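J.: sequence and predicted structure, then a few things I'm wondering about:
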Amino acid sequence: MLETLSSALKLPDLRRKITFTLMMFLIFRLGAHVPVPFVNPDILAEMMQHNIFGFFDIISGGAFKSFTVFAMGIMPYINASIIMQLLTVVIPQLERLAKEGEEGRKKIVQYTRYGTVILGAIQAIGMTFYLRSALINPGFLTYAVIVITLTAGTAFLMWLGELITEKGIGNGISLIIFAGIVSRLPMGTYNIFQEVRAGEVSIFSVLAFGVIAILVIAGVVAIQEGQRRIPVQYAKRVVGRRVYGGQSTHIPLKVNQAGVIPVIFAMSILMFPTTIATWFPENGIAQFVMRHFNFNAPLYMVFYALLIIFFTYFYTAVTFNPADVADNIKKYGGFIPGIRPGRPTADYIERVLSRITLAGAIFLAAIALLPNFIMSLTGLNIQFGGTSLLIVVGVALETMKQMESHLLMRHYEGFMK
């Protein structure tokens, strides 16, 4: 592994890409420590004691709770991308753009940028309203400066991510989230070390956590890379004097087709009533919501798991159309052995997809709820959740694959054997 990494760094173009990506990480981490003006840090620290914003604080690298210019992180861009992806299926004009190739893709990316700024501004207004008691000299000018600062921070991160994608290595947006999550690991490790020193946690609990973590990471890698390959046979075609087709291939159906998007959807929906409830702490209904929709409450965990399973099926159905796949196979003279072309092929693919999606959905729900069970088993206060683990492992695998392709082009032995 180290020898392969050394070979990778000997390539000038790959070394430049890695260096550029690391420099962008440095800029991101510096910006995560620049505070937003007109905010009282002492009052802010008291208000940020609620655990409902834990996930957003983790992916922003701690910028959320310290309320810096990158407090909103890249979440508005992720939400805008998801919304645009769903609208592409619903709105015919966007669907036509998506099928126009590179030019259509550029248009959709441009609309996503506009959506990011709009969603960022709305989220910034909501955050400013929520933290109004922590503001110094509250007024229209103060609100305007804070909203513009937060929105500009998100827009800058979006631009930074696109730069990494263009000039660095890997997907820039994913790598920014990756950097934010990983930056919290040293502090989490230090906190666990302090708890062991103070005698609050036994060393056996830490060792048990380490074993569980290794097993979970292995499971995440297996599910993320897991595929059901449906064999496809293409018949021979004679065009003029040439013979085409006759080869065998397969359709790779991923077990986790939807990635971490169902988890983000479910978390956003469950956070909404809790966020509203924090604005009315004396109200009885608000107190009920805060008590039963807490992250560790059984009712929250049940709803969380059910929503993850629902959104896994929903997002998979939106992004993967078995009828289109069956039509394309039929168009090029292909067929699945034992299955008639056309509608029977679409039904067969849909049936197989439904079964493996159930496994992926249950896996996502289990990983998302895993921190609750680990904390009750070991007594450790874990800040690194299952969703964060999914993101980190997924981004690491994709980045390694890109580096692998660069190495193979230069005839070096790759990372993955």
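T.: Nice, thanks for sending it over.
J.: next, residue 250: secondary structure please.
T.: Following DSSP: H, G, I helix; E, B strand; the rest coil, the label given to residue 250 is strand.
J.: quick one: pLDDT of it?
T.: pLDDT recorded at residue 250 is 84.
J.: what sits against the residue lying closest to it once chain neighbours are set aside?
T.: Excluding the flanking residues, the one nearest residue 250 by CB to CB, 6 or more residues apart in numbering is residue 229, at 4.1 Å. Backbone N, C-alpha and C define where each C-beta goes, glycine included. By CB atoms under 8 Å, 6 or more residues apart in numbering, the contact set of residue 229 is 250, 251, 252, 253.
J.: could you give the bridge partners of the first one?
T.: The one in question is residue 250. Assessed by DSSP bridges, residue 250 has beta-bridge partners residue 231.
J.: count of residues packed around it?
T.: 13 (other CB atoms under 10 Å).
J.: how much space between it and residue 359?
T.: 19 Å (CB to CB, to the nearest Å).
J.: what subset of the contacts of residue 229 is buried?
T.: Buried residues within the contacts of residue 229, counting neighbours by 16 or more other CB atoms under 10 Å: 251, 253.
J.: and which of the contacts of residue 229 is nearest residue 32?
T.: residue 252 (37.6 Å; CB to CB).
J.: check what pLDDT the spatially closest residue to the closest one that is not a sequence neighbour gets.
T.: Spatial nearest neighbour of residue 252, chain neighbours left out: residue 227 (4.5 Å); criterion: CB to CB, 6+ apart. At residue 227, the model reports a pLDDT of 87.
J.: which ones are touching residue 227?
T.: Contacts for residue 227 (CB under 8 Å, 6+ apart) come out as 252, 253, 254, 255.
J.: that's a strand at the second one, yeah?
T.: Just to be clear, that refers to residue 253. Yes - residue state for residue 253 (three-state DSSP) corresponds to a strand.
J.: give me the nearest residue to it, chain neighbours excluded.
T.: residue 228 (4.6 Å).
J.: count of neighbours near that neighbour?
T.: For residue 228, the neighbour count with other CB under 10 Å is 15.
J.: could I get the contacts of residue 229 as a markdown table with distance to residue 300?
T.: Below are those laid out as a markdown table (distance: CB to CB, whole Å):
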| residue | distance to residue 300 |
| --- | --- |
| 250 | 41 |
| 251 | 38 |
| 252 | 35 |
| 253 | 32 |
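J.: coming back round to it: could you check the angle the host helix or strand of the residue nearest to residue 253 makes with strand 248-254?
T.: Counting by DSSP states H and E, the element that carries residue 228 is strand 227-234. Using axes from the mean of the first three to the mean of the last three CA atoms, to 10 degrees, the inter-axis angle of strand 227-234 relative to strand 248-254 is 150 degrees.
J.: now for the helix ranked longest in the chain, which elements pack on it?
T.: The longest helix of the chain (DSSP state H) is helix 343-378. If contacts are counted by 3 or more CB pairs under 8 Å, 6 or more residues apart in numbering; DSSP states H and E, helix 343-378 sits against helix 203-225, strand 227-234, strand 248-254, helix 261-277, helix 298-319, helix 322-331, helix 386-409.
J.: distance from the fifth one to the middle of the chain?
T.: Relative to the chain's own centre, helix 298-319 is displaced by 15 Å; criterion: CA atoms, centre = their mean, to the nearest Å.
J.: what's the angle between that helix and helix 386-409?
T.: Using the same axes, to 10 degrees: helix 298-319 against helix 386-409 is 40 degrees.
J.: let's see helix 298-319 as CSV, backbone CA atoms only.
T.: In CSV, the C-alpha atoms belonging to helix 298-319 read as follows (Å, rounded to 0.1, in the frame of the first residue of the first chain):
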residue,chain,number,x,y,z
PRO,A,298,-37.8,4.7,21.0
LEU,A,299,-40.5,6.5,19.0
TYR,A,300,-37.9,8.5,17.1
MET,A,301,-35.9,5.4,16.3
VAL,A,302,-39.0,3.6,14.9
PHE,A,303,-40.0,6.5,12.7
TYR,A,304,-36.4,7.0,11.6
ALA,A,305,-36.1,3.4,10.5
LEU,A,306,-39.4,3.4,8.7
LEU,A,307,-38.7,6.6,6.9
ILE,A,308,-35.3,5.4,5.8
ILE,A,309,-36.8,2.2,4.3
PHE,A,310,-39.6,4.3,2.6
PHE,A,311,-37.2,6.8,1.1
THR,A,312,-34.8,4.1,-0.1
TYR,A,313,-37.6,2.5,-2.2
PHE,A,314,-38.9,6.0,-3.3
TYR,A,315,-35.5,7.3,-4.4
THR,A,316,-34.6,4.0,-6.2
ALA,A,317,-37.9,4.1,-8.1
VAL,A,318,-37.2,7.7,-9.1
THR,A,319,-33.6,7.2,-10.3
